[in-house]
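Q: need the 3D shape of this:
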Amino acid sequence: MANRHLSRTIVMQSLYEWDFNDRVRPLSKIVEHNVKQFAPGLDDSGFIFDLIKGVEQHMAEIDQIIVKTAPEWPLDQITVVDRNILRLGIYELMFAHEVPPKVAINEAVELGKAFGGESSGKFINGVLGTLYKQLPDDVKKAGEAAEVGKA
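A: Predicted coordinates:
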């Protein structure tokens, strides 16, 4: 498993655990435990903590984006796994801009397929695809240029 994919998996698992347990335990402690448990030799755990910090800081905005983008699914009716994969994907797509938009979407869809239910990948792709269409053209073009450079 590539380091970035493993990092996103740990972020998703940590967000899931935090959300599932009513956000009682500090998220940073959950992440520290999960990094030790699932990726003890990971070279760059900074990426994990950057993602967690960003999702946590933008949680209210991200949740509003989910509510607006998937109006037929109230936030509390979206499965805990899907909800937190969306939070991570939306953070990367709308706020972080560290990876090309299509990479952020693909990574979230793959997490949905691996950890969610039968239709999770399609649901996540639909929500993030809708957001992608709303991105300014310059952001999309910058992402496409980055993708070509990585090929």
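
Q: list the buried residues in the host helix or strand of residue 107.
A: Assigned by DSSP states H and E, residue 107 belongs to helix 101-115. Residues of helix 101-115 classed as buried by neighbour count (16 or more other CB atoms under 10 Å): 101-105, 107-113, 115. The way it works is simple: take the backbone N, C-alpha and C, and place the C-beta from them, glycine included.

Q: helices of this protein, start to end?
A: Per DSSP state H, the chain carries helices over the ranges 3-20, 27-38, 46-57, 59-69, 80-90, 101-115, 120-134, 137-150.

Q: redo those helices as CSV? Include mean pLDDT.
A: As requested, those are exported to CSV (pLDDT from 0 to 100):
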stretch, mean pLDDT
helix 3-20, 96
helix 27-38, 95
helix 46-57, 96
helix 59-69, 96
helix 80-90, 98
helix 101-115, 96
helix 120-134, 96
helix 137-150, 66
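
Q: of those helices, flag the one that's most buried.
A: Among the helices of the chain, helix 80-90 has the highest mean neighbour count (mean count of other CB atoms under 10 Å), at a mean of 25.

Q: which residues sit in contact with the most centrally placed residue in the chain?
A: Centroid check for the chain by CA atoms, centre = their mean gives residue 88 as the closest residue, at 1.8 Å. Neighbouring residues of residue 88 by CB atoms under 8 Å, 6 or more residues apart in numbering: 8, 11, 12, 15, 51, 55, 108, 111.

Q: what does residue 25 give?
A: Residue 25 neighbours (CB under 8 Å, 6+ apart): residue 18.

Q: repeat for residue 16
A: Under the contact definition (CB under 8 Å, 6+ apart), the residues listed for residue 16 are 80, 81, 84.

Q: mind checking how far it is from residue 27?
A: The spacing between residue 16 and residue 27, counted by CB to CB, to the nearest Å, is 11 Å.

Q: repeat that for residue 93.
A: 21 Å.

Q: shouldn't residue 59 be in contact with residue 84?
A: No. Counting by CB atoms under 8 Å, residue 59 does not reach residue 84; the two are 10.5 Å apart.

Q: where do the contact lists of residue 16 and residue 27 overlap?
A: Joint contacts of residue 16 and residue 27 (CB under 8 Å, 6+ apart) do not exist.

Q: okay, now residue 119: neighbour count?
A: With neighbours defined by other CB atoms under 10 Å, the count for residue 119 comes to 11.
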